[in-house]
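*Asks:* sequence? don't have it. structure:
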């Protein structure tokens, strides 16, 4: 690839970016798109913002950039939570380290490479990009120590910056934990693997176990039911209901608002249905006695429960300690926050979890290797001569210069990019199958999977298959890998530059444009005729964006010494990303759950991996260039980097695995002294109810609890109170029978109408 | 190697074994050797046994074998503890699995191999051993499914047996924990990384921290002092004392018994020394006030402390929870048992531990590779033709048949064996440097190191260097390793058979003979003229014996399918080992500390490793023999084995990392109800005193505590009590000054005598 091809590619991308960004600055001011571009603000601060929006409408276009830059870290922390701040710290870290690298490498290494006298110089526009790589330095050059020195500078400043960032993030996490106000998840432990017993129900065994062994701190608990099953039954009943009510249904009540995933027929409450449903609760007593058979119950309750403790410290202790001598029973962990609970995975028996994990691991690996096919095809395109040999009929087309430039400079990245779009949903699916109990855990697991996938498929496969196309068995000799990488990375640097241009820049502008959201908004508004649904705001897609940033970091590190030309493009990417992500976090995405900065260890480890990989590649290059001094000096650098990582693992990582006793006890004492504790305890139960306002209007628990409240107030005198079900003991058999009764009644109604 | 060579080797070994064992049965009856062969019994149950011994003296020789076989597991558990039982379970497991393997392979595979028609058959005595290996089976043989089936049988029965053993050991461990009576280590937490403070001493900060955050369960604590320093000072003072007392010293008092590591001059108490020393304590008050400067104290106390809790559960909780937001401060772990504490490592600052660990890891790796030199030399000997090419002058000697047989059949193993004797002490040294806080931890760590070392150097290096002598770079291509192993293992099987004969059998008979102990006993008794010291009994060398057993297990598994001829020899080894080890455990070695069966996870993992390695090698062999069906069926077997391991890791391994809350709470309650708790609490302090009866007669703490007791009883009326030092606050500065005073007084005395 020559400079003019690179400039073509850069030109196209700058054009596309400018177009999209200016389009964005126009579109965002249209009231019709307000819930695409200001989803979070509408959902969270609607009243104030609808007014503010009117004022903003007449402000000139680039103001959003200034505005995005003006937010302070405190504002972002308050609005979008710690995860968003940690995400932005990745961008800031990247900007810092690559600024240093750019200064060092562009001024120190680029001239050395260019005047390295290995290749002939042509006119600048048709100069090959390879003259800017280390490939142009002659063997046994006396200038290779400059490369080694630059490597030292980059590595050491990266380690220093990483240390300060880790320290800062762990301090932020500490503040997040201690000053975020009472959090129900701190008081709650998720217990799984409750042993089956023929004598007592899960409910009773949880009570017995915790009153026996955690008497001083145990407060109460709430059994988890097989939500999947119940919901399946309910939806089944609803379908039956729809089918039969279809005949009779005429008016859709005005208050019944159609949501995104609702078809307008179901989910609307007709009086008859409500009447019938509420009557079940009245009949509750009879049905409940019917379901007291323990063999039925075992199938209904799943062996999991949320157990509430009086203090945060009590919950922490219960979550960290091995409970019984069978480690598969009474497995405890701190519960995720109420909004974060992934209910439909809670029923998975604990003893099957490890199998699911292994199965998804295998699936992901298989998926990774299947994905090799498009990547190798794409890679063939950057080496047109080889492609022409294979497919001779292309020769005529590829002779045209502009076509060549487009094909080598733009098309491969686009194809790769499109193929990569399928990855995050697949990985998210795998992560769901793995059985995490929290949404944030699922996202984090998907993030790791996407990260490994991207690094493997974008970096390694491109490098290895690109340099030794049609020779896959390179992987079988690890000793040669550094040497192979050393040969391949400089020659693949041009591909990575175009990758930064296309994938990086373009993805940022499409991120800010929210193309999918915009189109969906149009369709749902003008074609389906729905109203805006402010609750349907997405959360930030960390599982796609974090791997993207880290991949560009990896490309930056590995290319910085060998092909420094990538650094300016990368810096532009990170600067643009800084503005775009700040804007998106503040305006578009909503924060429904938080990990509390748990992403940072992933970022840290990946950066260390990138650094060590860079050093290994440099070691290979220095050996190939026959510079024993530079190679010799690289080895201690690798050891120092690994030692630094080990230190950070000891010093900071435990903070991301658990909470410290000191902090929790201090918080407990503060709450006890201020008398807030009782209030928190009262709130715990409602926070973790499994069937709260379900989105399709069937408010099972709420109604039954209202019902319970009213009936218990009525029955205070009649002594009927005990027979009413409690919230936590809500028997599923009752629901099951209730649903059956719905079907029966509905079919009776149908017969009535048909008669 | 041919059959007659093997028989020569076997003959020599059987002769040596028979000689040594009959020598043992004579020597053990000599009263002079009683403390070599009955060390444990004398040390622990002397009165009863001295008599019993007289009766035993006239019983015929092989009785010890019968006796060793008669002990029940309960007896061994009572006498030698859980570790010994777990160790014997390894032998029993090996006997079981290799009996199954022997039946399957000797009757199923051996005939197939022998009639495999790849090689020509000669007369039986000069038949090459290779005809009994899989190397003799023709390619694409239709009988390879028998090998595959045998592999399935061996693997599945190994997994089943492993599962039951793991279950049994974990149950034994549970019983060991719950029914072993009050154990001070269950109530004690070792705290390290106590932060330095200019305002308060470590002693005060421990009190403040634990009364603040563990108020309900905290009992008291005991600061650890820099024992190394104190002991250095004391020994320094002793040296000065010796030097000067040498002139004056005439009579060694009779009660002053010379120990093993004492030179007869030091350590004996003269009245003047004792008088002076006790007078320091009387002066204690003044000196103590002198050392209250915190800057001095910081250097004296080290940042570690034993913290005692009221209940076992309290200690467990404190040990498992992250204490503060700095994970390098207030690091807690359950304390080792009092006898198990490795005092001289406790002063190591916690923040340096990870560096020490990495340093020793690197050192061990370097040592491993340095050791390659003798191994490759040894390996050359089994391939005499190659050796003759290199060293032509040997040709004359090697032509003699008997020499050849000795050289190929016996010498290599002996040299390797001698070289291997240096390994355990080196690894023990490395493990000491690593900084473990318990003797058992040190031994376990050394055990792992020796294990890795043995497997690497005996198995892999022999296999790889033996087959491709002078071609080390095989290691660089992991894809070829299964194929290379598949080629190498059958051809190296003869070496492993001789290794079992020499190293295995001979090491057992030298173990039972206790050659070193016998010689040392002779020297110390007849040359140095010392009396028996019943306290100088060794503990069982798990760090050498466990790796030995596991290595033979690995050899057995890997050779079982490919060269089943090894199995009978191996079975004899394990049967002999069963008798010998039972005898040694009951008679010779003493149990001073226990890990509570923590060795078993190492055994389990190594066995799984051996199984998977066997399967991989078989996979390679089946591929080389071009039997896709057999190879195809091997792959699921590997996956199943790995899954089984993962299940065991989930199901059993947590029990070996921590105690369960349920058990500890039940034990606490029992003790509280029976009123034993106060008694246990009182005992805790004395259990963990750092300077108890020191072996060289300078009973610092005991005397000072006696002193304290007497003075406090005296001072009850005078109100002088507070000024006396407490045991835990024992100020080192005082000792330091005391030692200085010793030197001063001694030099004064010397002046007196010289005058």
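*Replies:* Okay, I see it. Everything numeric here is computed off the predicted structure, so don't read it as measured data. Numbers count the residues shown, from 1 in each chain, chains lettered A, B, ... in the order given.
*Asks:* nearest spatial neighbour of residue A:208, skipping sequence neighbours?
*Replies:* Nearest non-adjacent residue to residue A:208, counting by CB to CB, 6 or more residues apart in numbering or on different chains: residue A:200, 7.1 Å away. From N, CA and C alone the C-beta is placed, and that goes for glycine too.
*Asks:* am I right that the one you found is in a strand?
*Replies:* No - read with DSSP: H, G, I helix; E, B strand; the rest coil, residue A:200 is coil and lies in no strand.
*Asks:* what about it, how many neighbours?
*Replies:* 14 (other CB atoms under 10 Å in any protein chain shown).
*Asks:* I'd assumed residue A:209 was in contact with it.
*Replies:* No - using CB atoms under 8 Å, residue A:200 is not in contact with residue A:209; the gap is 10.3 Å.
*Asks:* which strand or helix spans the residue in the stretch 501-650 of chain A positioned nearest to chain B?
*Replies:* Closest to chain B within the stretch 501-650 of chain A is residue A:650: 5.3 Å, counting by CB to the nearest CB. For residue A:650, the element it lies in under DSSP states H and E is helix A:628-651.
*Asks:* what comes up buried for the helix or strand following that helix?
*Replies:* Using DSSP H and E, the helix or strand that directly follows helix A:628-651 along the chain is helix A:653-657. Neighbour counts over helix A:653-657 (16 or more other CB atoms under 10 Å in any protein chain shown) mark A:653, A:654, A:655, A:656 as buried.
*Asks:* which helices and strands does whichever helix or strand comes after helix A:653-657 pack with?
*Replies:* Counting by DSSP H and E, the next helix or strand C-terminal to helix A:653-657 is helix A:661-674. Judged by 3 or more CB pairs under 8 Å, 6 or more residues apart in numbering or on different chains; DSSP states H and E, the packing partners of helix A:661-674 are helix A:144-179, helix A:312-320, helix A:677-687, helix B:202-213.
*Asks:* report the angle between the helix or strand where residue A:364 lies and helix B:628-651.
*Replies:* Residue A:364 is part of helix A:350-370 when elements are defined by DSSP H and E. Orientation of helix A:350-370 against helix B:628-651 (axes from the mean of the first three to the mean of the last three CA atoms, to 10 degrees) gives an angle of 130 degrees.
*Asks:* what sits against residue A:327?
*Replies:* Contact partners of residue A:327, counting by CB atoms under 8 Å, 6 or more residues apart in numbering or on different chains, are B:650, B:651, B:652, B:653, B:654, B:655.
*Asks:* so which of those residues also contact chain A?
*Replies:* B:650, B:651, B:652, B:653, B:654, B:655 (CB under 8 Å from any CB of the partner chain).
*Asks:* need the max-distance pair from those.
*Replies:* Within those, B:650 and B:655 form the most distant pair, 11.1 Å apart (CB to CB).
*Asks:* would you check that residue A:330 makes contact with residue A:190?
*Replies:* No - in this structure, residue A:330 is not within contact of residue A:190 by CB under 8 Å, at 11.4 Å.
*Asks:* more crowded one of the two?
*Replies:* Ranked by neighbour count (other CB under 10 Å), residue A:330 and residue A:190 place residue A:330 first, with 25 against 22.
*Asks:* tell me how many other residues crowd the nearest residue to that one once chain neighbours are set aside.
*Replies:* Spatially, and ignoring its direct neighbours in sequence, residue A:330 is nearest to residue A:323 (3.8 Å; CB to CB, 6+ apart). By other CB under 10 Å, the residues close to residue A:323 number 22.
*Asks:* checking my notes, residue A:323 in a strand, right?
*Replies:* No - applying three-state DSSP, one finds residue A:323 to be coil, outside a strand.
*Asks:* which ones are touching it?
*Replies:* When contacts are counted by CB under 8 Å, 6+ apart, residue A:323 touches A:209, A:213, A:329, A:330, A:331, A:332, B:660, B:661, B:662.
*Asks:* and with 10 Å instead?
*Replies:* By CB atoms under 10 Å, 6 or more residues apart in numbering or on different chains, the contact list for residue A:323 reads A:191, A:193, A:209-210, A:213-214, A:329-332, B:660-663.
*Asks:* of those - the most surrounded one?
*Replies:* residue A:191 (28 neighbours).
*Asks:* what lines up beside the host helix or strand of that residue in the sheet?
*Replies:* Applying DSSP H and E as the criterion places residue A:191 in strand A:188-192. Taking DSSP bridges as the criterion, strand A:188-192 forms sheet pairs with strand A:301-309 (antiparallel), strand A:331-334 (antiparallel).
*Asks:* for the residue of the stretch 51-200 of chain A found nearest chain B, what are its contacts?
*Replies:* Residue nearest to chain B within the stretch 51-200 of chain A: residue A:174 (5.2 Å; CB to the nearest CB). Contacts for residue A:174 (CB under 10 Å, 6+ apart) come out as A:596, A:597, A:655, A:659, A:660, A:663, B:325.
*Asks:* quick check: it vs residue A:524, distance?
*Replies:* 43 Å (CB to CB, to the nearest Å).
*Asks:* quick check: the closest residue to chain B within the stretch 551-700 of chain A vs residue A:320, distance?
*Replies:* Proximity to chain B, evaluated over the stretch 551-700 of chain A using CB to the nearest CB, is greatest for residue A:654 at 3.9 Å. The gap separating residue A:654 from residue A:320 is 12 Å, by CB to CB.
*Asks:* and for these two, which residues touch both?
*Replies:* With CB under 10 Å, 6+ apart as the test, residue A:654 and residue A:320 both reach residue B:322.
*Asks:* pLDDT below threshold where in the stretch 401-550 of chain A?
*Replies:* Applying pLDDT under 70 to the stretch 401-550 of chain A flags residues A:401, A:405, A:408-410, A:412-413, A:417, A:464-484, A:531-535.
*Asks:* go again with 90.
*Replies:* Scanning the stretch 401-550 of chain A for pLDDT under 90 picks out A:401-424, A:426, A:432-437, A:439, A:453-541, A:543-544.
*Asks:* can you show me the helices along it?
*Replies:* A:401-409, A:411-420, A:423-434, A:439-454, A:461-467, A:481-499, A:507-513, A:515-522, A:542-562 (DSSP state H, counting those that start in this stretch).
*Asks:* save those as CSV, and put in mean neighbour count too.
*Replies:* Putting those into CSV (neighbours: other CB atoms under 10 Å in any protein chain shown) gives the following:
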stretch, mean neighbour count
helix A:401-409, 18
helix A:411-420, 18
helix A:423-434, 19
helix A:439-454, 22
helix A:461-467, 21
helix A:481-499, 23
helix A:507-513, 21
helix A:515-522, 15
helix A:542-562, 25
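*Asks:* out of the ones you listed, nearest to residue B:667?
*Replies:* That would be helix A:439-454 among the helices of the stretch 401-550 of chain A, by CB to CB, at 35.3 Å.
*Asks:* so does that closest one get close to chain B?
*Replies:* No - judged by CB under 10 Å from any CB of the partner chain, helix A:439-454 stays clear of chain B, getting no closer than 17.7 Å.
*Asks:* list the contacts for residue A:421?
*Replies:* Counted by CB under 10 Å, 6+ apart, residue A:421 has contacts A:507, A:544.
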